[in-house]
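Chemist: A predicted structure for the sequence below; I have some questions about it.
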Amino acid sequence: MRIERIQDVITLHISDESCVSLRKEWVEQLRTLPYEEFGEFIRTSIYPALNDNERKIWNKATISNRDLQSAVQAEVG
């Protein structure tokens, strides 16, 4: 899992075939949150804003909060 920024578009690459677009504010907020608050932030802010296709991808992926935290911390920008 990795986060890629191309111009102003931030993409969470879950696998080679699956990705979800993220808002810059979400990545910035995740970067400041302690790991223990990731789940609540995802449930209340990110997941409700995803489109149907992105929700399907998210649900199939079983994304680990630790992996997401690592990807967020590694993203520069």
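Modeler: Structure received. Numbering: from 1, shown residues only.
Chemist: Packing partners of the strand or helix carrying F38?
Modeler: Applying DSSP states H and E as the criterion places F38 in helix 38-41. Taking 3 or more Cβ pairs under 8 Å, 6 or more residues apart in numbering; DSSP states H and E as contact, the helices and strands that helix 38-41 lies on are helix 24-32, helix 65-74. C-beta here means a position set from N, CA and C on the backbone, and glycine is covered the same way.
Chemist: which one of those lies closest to H13?
Modeler: Proximity to H13 (Cβ to Cβ) singles out helix 65-74 among those, at 8.4 Å.
Chemist: so which helix or strand takes in the residue nearest the centre of the chain?
Modeler: Per Cα atoms, centre = their mean, the C-alpha nearest to the average position across the chain is that of L12, at 5.4 Å. L12 belongs to strand 9-13 when assigned by DSSP H and E.
Chemist: what about A71, how many neighbours?
Modeler: 20 (other Cβ atoms under 10 Å).
Chemist: ok, it to I10 distance?
Modeler: 11 Å (Cβ to Cβ, to the nearest Å).
Chemist: intersection of neighbour lists for those two?
Modeler: Counting by Cβ atoms under 8 Å, 6 or more residues apart in numbering, the shared contacts of A71 and I10 are I3.
Chemist: and the following helix or strand past the strand holding L12, how far from the chain's centre?
Modeler: Moving toward the C-terminus from strand 9-13, the next helix or strand (DSSP H and E) is strand 19-22. Strand 19-22 sits 7 Å away from the centroid of its parent chain (Cα atoms, centre = their mean, to the nearest Å).
Chemist: low pLDDT regions in this protein?
Modeler: Where the chain drops to pLDDT under 70, the residues are 76-77.
Chemist: any idea how far K60 is from E17?
Modeler: Applying Cβ to Cβ to E17 and K60 gives a distance of 11 Å.
Chemist: Looking at the two, which one has more neighbours?
Modeler: K60 (11 against 7).
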